[in-house]
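Chemist: Quick one, structure for this:
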Amino acid sequence: MRPFRRRRLTALAAVASVLVTAAPPAGASATRGPNRRTGYHRVGYFTQWGIYGRAFPVKKLDTSGAAARLTHVNYAFGNISEDGRCYVDGGPGEGDAWADYQRPVPAEESVDGVADAWGEPLNGNFGQLAKLKARHPDLRVLISLGGWSWSTYLSNAARTDASRKAFVASCIDLYLNGNLPVLDGGSGGPGAAAGVFDGVDLDWEWPNWPGEPGNVIRPEDRENFTALLAEFRRQLDAYGRQNRRHYALTAFLPANPATMDAGYEGRKIFRYLDFATVQGYDFHGSWDGVTNQQSALRVPAGAPDDPDFSAEVAVDGWIARGAPRGKLVLGIPYYGRGWTGVTGGGDGLFQPAAGPAPATFEAGSEDYRRLKLLVGNGFTVHRDLRAGHAWLFDGTTFWTYDDPAVVWQKTRYIRRAGLAGAMVWSLDGDDDNATLTRTISQGLATP
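Modeler: Down below sits the predicted model:
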């Protein structure tokens, strides 16, 4: 199978060139009007912690052109207490209220160029998101609850009718009413964050399935997940009637068919969701002893695992379980997974490796904006256009990642498959020109 792959790549090299050329250039003008009319969702996760080492303030969503090309920004993440409540806490490991709404943002990082003063009710990321929405009135911002690290107690929150009612009410009060705890200096207070968030994204990883060690898991999580969505929908609709508007409810769903069956009631959950984003990445990584793809559109020929994961496997898995195509949004990574100490020669794919590749923040994981700089600097780009994935290899170190050509190919799949759009994790992985976000925007706008 390996020689066949190399011949295929040689034969399709021209096609790859066309795909790269078709992706919009960094300086392309905004396509906001056409994109809004297509109806595709373009969802980007903004990470609370990206303002630090990655130097990615909310302002970059504006200056890069990303905000004009997105329909939704999901703020990652909101925490859940052991007794099942949404809360903000600045304690170690519990949150970063400083980043959320206390930090005075300097003028050079501010969306409108105006610096925050110490102690204003709404500083930090929340204040900047409010300013971003003022510039981009069509943009919707959702609070994403849970994530890998903070799904610990979602099972507690979803366990009973009473716990679900209390949990949802606490989240609406904190994020939609904007009743933030008052911090040292005075930031926060009643209604401080009102109007920042337009709904809730539930990122429970995972109901009735192992996630981060220490997570509470119960067999009844499967039914309780549905009941929790129903309670969110009920309270969000009631809240919306007061304000004469619709508040969105979305969820992040897994790629693993076994996890789908263990934790979700298939068709039922979509009665309550505006749409769901589907994990399209982390199929493989340095936890495997052999190099592989982490986000291929289809399972590559010659893959060592059978069955294996792919974006198509994930999407088809949800459709087979009753999900409507028009409510599925495909996840696309703005980072790659890497191995080093790769032996076996060739193009490096499906070869033994010694361990995770060195990287900027986490061994074995690197942002697209840094991986793109490796091209031509000792690394060669390889592609499998049939499977829809790319990788970099220098003879020793291997990175699987999505570049503009792969992203463009995925937008064409989204259109052909009748899906609802694309989601990205996470926006701080893109370059300063929002090249990948521009590619998604153009790919979903172009007939």
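
Chemist: For Ala353, list the residues it contacts.
Modeler: Contacts for Ala353 (Cβ atoms under 8 Å, 6 or more residues apart in numbering) come out as 286, 289-291, 339-343, 398. Backbone N, C-alpha and C define where each C-beta goes, glycine included.

Chemist: Quick check: the nearest residue to it once chain neighbours are set aside vs Gln242, distance?
Modeler: Nearest residue to Ala353 in three dimensions, chain neighbours excluded: Trp339, at 3.5 Å (Cβ to Cβ, 6 or more residues apart in numbering). Plainly put, Trp339 is 53 Å away from Gln242 if you go by Cβ to Cβ, to the nearest Å.

Chemist: Please identify which of those two sits among more neighbours.
Modeler: Legend: neighbour count by other Cβ atoms under 10 Å for Trp339 and Gln242, higher for Trp339 (28 against 7).

Chemist: Check for me that that one belongs to a helix.
Modeler: No - Trp339: not assigned to a helix; according to DSSP: H, G, I helix; E, B strand; the rest coil it is strand.

Chemist: Was I right to think it contacts Ala357?
Modeler: Yes - applying Cβ atoms under 8 Å as the test, Trp339 and Ala357 come out as touching, 5.7 Å apart.

Chemist: Let me see the contact set for the residue lying closest to Phe309 once chain neighbours are set aside.
Modeler: The shortest distance from Phe309 to any non-neighbouring residue, by Cβ to Cβ, 6+ apart, is to Phe283 (3.8 Å). The contact partners of Phe283, by Cβ under 8 Å, 6+ apart, come to 255, 292-296, 308-310.

Chemist: what about 10 Å?
Modeler: By Cβ atoms under 10 Å, 6 or more residues apart in numbering, the contact list for Phe283 reads 255-256, 292-296, 299, 303, 305, 308-311, 313-314, 333, 337, 389, 400.

Chemist: all strands in the stretch 151-300 of the chain, in order from the N-terminus.
Modeler: Assigned by DSSP state E, counting those that start in this stretch, the stretch 151-300 of the chain shows strands spanning 199-204, 248-253, 275-278.

Chemist: Nearest to Trp118 among the ones you listed would be which one?
Modeler: strand 199-204 (30.4 Å; Cβ to Cβ).

Chemist: Now do the closest one against strand 248-253, angle only.
Modeler: Relative orientation of strand 199-204 and strand 248-253, computed by axes from the mean of the first three to the mean of the last three Cα atoms, to 10 degrees: 20 degrees.

Chemist: Which neighbours in the sheet does strand 199-204 have, and how are they oriented?
Modeler: strand 140-147 (parallel), strand 248-253 (parallel) (DSSP bridges).

Chemist: Which stretch among those strands approaches Gly53 most closely?
Modeler: The minimum distance between Gly53 and the strands paired with strand 199-204 falls on strand 140-147, with 18.1 Å, by Cβ to Cβ.

Chemist: mean confidence for the closest one?
Modeler: Computed over strand 140-147, the mean pLDDT rounds to 98.

Chemist: Next: stretch 386-398.
Modeler: The model assigns stretch 386-398 a mean pLDDT of 98.

Chemist: buried sites along that stretch?
Modeler: Neighbour-count burial for stretch 386-398, counted by 16 or more other Cβ atoms under 10 Å, picks out 387-393, 397-398.

Chemist: got any ranges where the chain has weak pLDDT?
Modeler: Within the chain, the segments meeting pLDDT under 70 span 1-38, 93.

Chemist: ok so, going back, show me the buried residues of stretch 386-398 that map onto strands.
Modeler: Judged by DSSP state E, strands contain the following of the buried residues of stretch 386-398: 389-393, 398.

Chemist: any idea how far Ala117 is from Gly326?
Modeler: In terms of Cβ to Cβ, Ala117 sits 46 Å off from Gly326.

Chemist: More neighbours: which of these two?
Modeler: Shown here are Ala117 and Gly326; by other Cβ under 10 Å, Gly326 has more neighbours (12 against 9).

Chemist: Is the more buried one in a helix, a strand, or coil?
Modeler: Judged by three-state DSSP, the three-state class of Gly326 is helix.

Chemist: count of neighbours near the closest residue to it other than its chain neighbours?
Modeler: Spatial nearest neighbour of Gly326, chain neighbours left out: Ala420 (5.5 Å); criterion: Cβ to Cβ, 6+ apart. Counted by other Cβ under 10 Å, the residues lying close to Ala420 total 22.

Chemist: doesn't Pro324 make contact with Ala420?
Modeler: Yes - here Ala420 lies in contact with Pro324, judged by Cβ atoms under 10 Å, at a distance of 8.8 Å.

Chemist: how about the helix or strand containing His382: buried residues?
Modeler: Using DSSP states H and E, His382 falls within strand 380-384. The neighbour-count check on strand 380-384 (16+ other Cβ under 10 Å) flags 381-384 as buried.

Chemist: and the gap between Glu109 and Ile51?
Modeler: Glu109 is 8 Å from Ile51, by Cβ to Cβ.

Chemist: which neighbours do these two share?
Modeler: Joint contacts of Glu109 and Ile51 (Cβ under 10 Å, 6+ apart) are 57-60, 103, 128.

Chemist: give the contact list for Asp237.
Modeler: 246-247, 249, 272.

Chemist: Oops, could you answer that again for Asp62 instead?
Modeler: 68, 111-112, 128, 131-132, 135-136.

Chemist: likewise Gln351?
Modeler: With Cβ under 10 Å, 6+ apart, Gln351 has these contacts: 2, 290-292, 339, 342-345, 393, 398.

Chemist: what's the farthest-apart pair in those?
Modeler: Arg2 and Trp339 (17.5 Å).

Chemist: what about Thr160, how many residues close to it?
Modeler: Look at Thr160: counted by other Cβ under 10 Å, it has 14 neighbours.

Chemist: Hmm, Arg218 and it touching each other?
Modeler: No - with contact defined as Cβ under 10 Å, Thr160 does not reach Arg218; the gap is 11.4 Å.

Chemist: so what sits against both of those two?
Modeler: Asn224.

Chemist: and the gap between the residue nearest to Ala353 and Leu330?
Modeler: 25 Å.

Chemist: for Asp198, same thing?
Modeler: Asp198 is 22 Å from Leu330, where distance means Cβ to Cβ.

Chemist: With Thr439 instead?
Modeler: 14 Å.

Chemist: try Thr380
Modeler: For Thr380, the distance to Leu330 equals 28 Å [Cβ to Cβ].

Chemist: For Phe252, give the beta-bridge partners.
Modeler: Thr277.
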